[in-house]
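1. just coords:
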């Protein structure tokens, strides 16, 4: 008799995954394994993205297998450009399916929104740990959506910034963010005001054209570029992309999916996993960009995390 798959709601996931900081150690291992090639035992093809043109949306399918943990999973994610205009829900919605690798049976269906927010923020924190300037006092967040909240939480847990700034295209959402989170956050009226003198910048927007320009940032800044996940979307301008040392989670994915990389012609220096492994240097004294496209092996992470909570 086949086992009935477990179902974990967003509340279930949140209860067992209260902080993105918990994901940092396993994600560092996943990044290193992913960037180890065949020796890392990770199979993770570039995601398939299908447009839903009528509604200006997309459906993404992201599968991964990790031999080391014998973990097999698929993440389904939808994202819509003008979601707020038609629905009060989030622009991105995700579901994670976890399988038994030995026979292909479905073990669990998990709400993926919390997992996505926490995992993405944790990887940005890993990149920042290695690439931020030695003395980083000012953090700037561009965007005030779900990812802004998860990034703020883990960054204020992991680092000691003296000042945090936020900008959003809709200022009311930036003000809501500042009023909601713990700690003092300065709301800025423009991107240029927000990033002036910042040591670490996080871009978590739905921009399709550059909003952050090289002439506005100081030399030596570290930028985590999270938005613009399509080959024709941008958050960063050519000057910034060309002058920065560019790190990615997956070279293959970045060269297929990232408009910031493709349209600027910027050269990729290294995968973040190579930095974690110590085979590529972290140039924290230079201007750096980490372009995130969610391309770490999350199968192992999901498997280990699910195994832990089912024992509770």
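-> That came in fine, so what should we check first? The model shown is predicted, which means the values in this text are computed figures rather than measured ones.
2. the stretch 101-250 of the chain: helices as residue ranges?
-> Ranges of helices within the stretch 101-250 of the chain are 113-131, 146-158, 171-180, 191-195, 238-243, based on DSSP state H, counting those that start in this stretch.
3. and of those helices, who's closest to residue 51?
-> Smallest distance to residue 51 across those (CB to CB): 19.9 Å, for helix 113-131. All C-beta atoms are positioned from the backbone trio N, CA, C, and that covers glycine.
4. how many degrees apart are that closest one and helix 146-158 in direction?
-> 50 degrees (axes from the mean of the first three to the mean of the last three CA atoms, to 10 degrees).
5. show me what counts as buried in helix 113-131.
-> Applying a neighbour-count criterion of 16 or more other CB atoms under 10 Å, one finds 113-131 buried in helix 113-131.
6. also stretch 279-290?
-> Neighbour count says stretch 279-290 has 280, 282, 283, 284, 286, 287, 288, 289, 290 buried, by 16+ other CB under 10 Å.
7. so which strand or helix has residue 30?
-> Per DSSP states H and E, residue 30 falls inside helix 24-34.
8. could you find the closest non-adjacent residue to residue 147?
-> residue 204 (3.9 Å; CB to CB, 6 or more residues apart in numbering).
9. residue 7 versus the one you found, what's the distance?
-> Distance of residue 204 to residue 7, computed by CB to CB, to the nearest Å: 29 Å.
10. those two: who's more crowded?
-> A count of neighbours by other CB atoms under 10 Å puts residue 204 above the other of residue 204 and residue 7, at 28 against 10.
11. so what's residue 205 up against?
-> Residue 205 is in contact with 142, 143, 169, 211, 227, 228, 235, counting by CB atoms under 8 Å, 6 or more residues apart in numbering.
12. pull the most distant pair out of those residues.
-> Applying CB to CB across those, the maximum distance is between 169 and 228, 14.2 Å.
13. ok, these two, which is more surrounded?
-> Legend: neighbour count by other CB under 10 Å for residue 169 and residue 228, higher for residue 228 (27 against 14).
14. distance check, the residue most central in space within the chain against residue 154.
-> Closest residue to the average C-alpha location of the chain: residue 120 at 3.0 Å, with CA atoms, centre = their mean. In this view, residue 120 and residue 154 are 10 Å apart by CB to CB.
15. same check on residue 112?
-> From residue 112 to residue 154 the distance is 18 Å (CB to CB).
16. what of residue 231?
-> Taking CB to CB, one finds residue 231 at 28 Å from residue 154.
17. those two: who's more crowded?
-> For residue 231 versus residue 154, the count of surrounding residues by other CB under 10 Å is larger for residue 154: 25 against 15.
18. surely the more buried one and residue 21 touch.
-> Yes - if you go by CB atoms under 8 Å, residue 154 and residue 21 touch, sitting 5.6 Å apart.
19. quickly list what's touching both of the two.
-> Taking CB under 8 Å, 6+ apart as the contact criterion, the common neighbours of residue 154 and residue 21 are 122, 125.
20. re earlier: want to throw the contacts of residue 205 into CSV with distance to residue 53 and pLDDT?
-> Formatted as CSV, those follow (distance: CB to CB, whole Å; pLDDT from 0 to 100):
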residue, distance to residue 53, pLDDT
142, 28, 98
143, 25, 96
169, 24, 94
211, 25, 96
227, 21, 89
228, 19, 86
235, 23, 97
